[in-house]
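Asks: Dropping the sequence and predicted coords here.
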Amino acid sequence: LDRTNLAPRASLAYKTGKESHASLAYGIFYQNPETQYLPAISPLNFSKATHYIANYQKTTSLQVFRAEVFYKQYDALLKTTPVAGREGIAANNSGYGNAKGFEVFWRDKKTIKNFDYWISYSFLDTERDFLNFPFAIRPNFAANHTASLVAKKFVLPWKMQFNASYNFASSRPYYNISSNNGQFTFTDRGEVPDLHNLSFSLNFTPAIGKEDAKAWAVYVLSVNNVLNLKQTYGYQ
């Protein structure tokens, strides 16, 4: 690109207790245009993201709690245009957008003996005007809500560990965008179904309790998408 940039970043943490701390972070990040858009019909610049993050975390040997809120501002995003019948030609860096939300994570190995579980949830509100989008809308890779639950139970007399996980993602948008004399409009838009995935696995370690370390082995049986749901990840 024959350009340079300066990307300042800073973070500050404060211990709120023996096992906890709170932190603030700020940073500017730059990204080159992807090589598929080069060379472009006009000179391109770096895309820019400015991050503001606040975090709190408490960690013990058996439990972890973490919460985070964030705001991200996007500038100079790549915009595309049709040229000579070809779609997706890089035109300029006039795109923009933002993302805001929060995340929560909890892990607990203390409450139930030989039982380990963790829960995570994130909320994301984001809009971008980039590529061939006609205005600022939610990108098709962004789900507003995502969550997961993972549980592990070890049964020592059986030398077995039972594992289960459930993952959820709320619906994501899809767009069919067409151009007319360089103006982009929707010919179709909607949302794909929510994603649900339940998985299960079983670990068997026959050598537990034996002194010969060379005898150690782990046998694993894993089943993904136990409910046999037909997932829809997007439309093309």
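Replies: Noted; the coordinates are in hand.
Asks: Could you list the low-confidence segments of this protein?
Replies: 85, 182, 209-215 (pLDDT under 70).
Asks: which strand of it spans the most residues?
Replies: strand 86-108 (DSSP state E).
Asks: Within its sheet, name the partner strands of it and how each one runs.
Replies: strand 63-83 (antiparallel), strand 115-129 (antiparallel) (DSSP bridges).
Asks: can you redo these as JSON lines with distance to residue 3 and mean neighbour count?
Replies: Backbone N, C-alpha and C define where each C-beta goes, glycine included. Shown next, in JSON lines, are the strands paired with strand 86-108 (distance: least, C-beta to C-beta, whole Å; neighbours: other C-beta atoms under 10 Å):
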{"stretch": "strand 63-83", "distance to residue 3": "11", "mean neighbour count": "17"}
{"stretch": "strand 115-129", "distance to residue 3": "22", "mean neighbour count": "16"}
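Asks: TSV for the ones you listed, including distance to residue 48?
Replies: Below are the strands paired with strand 86-108 laid out as TSV (distance: least, C-beta to C-beta, whole Å):
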stretch	distance to residue 48
strand 63-83	5
strand 115-129	13
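Asks: Just the strands from the chain, written as ranges.
Replies: Under DSSP E, the chain gives strands at 9-17, 20-31, 47-59, 63-83, 86-108, 115-129, 145-155, 160-169, 173-180, 183-191, 195-204, 219-223.
Asks: on contacts alone, who are the packing partners of the last one?
Replies: If you count contacts as 3 or more C-beta pairs under 8 Å, 6 or more residues apart in numbering; DSSP states H and E, strand 219-223 packs onto strand 195-204.
Asks: I'd like to know which elements the strand it packs on is packed against.
Replies: Against strand 195-204 (3+ C-beta pairs under 8 Å, 6+ apart) you get strand 160-169, strand 219-223.
Asks: Put the alpha carbons of it into CSV.
Replies: Below are the C-alpha coordinates for strand 195-204, written out as CSV (Å, rounded to 0.1, in the frame of the first residue of the first chain):
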residue,chain,number,x,y,z
LEU,A,195,-28.5,-23.1,15.6
HIS,A,196,-28.7,-25.9,18.3
ASN,A,197,-26.1,-28.6,18.8
LEU,A,198,-26.0,-31.2,21.5
SER,A,199,-22.9,-33.4,21.6
PHE,A,200,-21.8,-36.3,23.9
SER,A,201,-18.5,-38.1,24.5
LEU,A,202,-17.2,-40.8,26.7
ASN,A,203,-13.6,-41.3,27.8
PHE,A,204,-12.4,-44.7,29.2
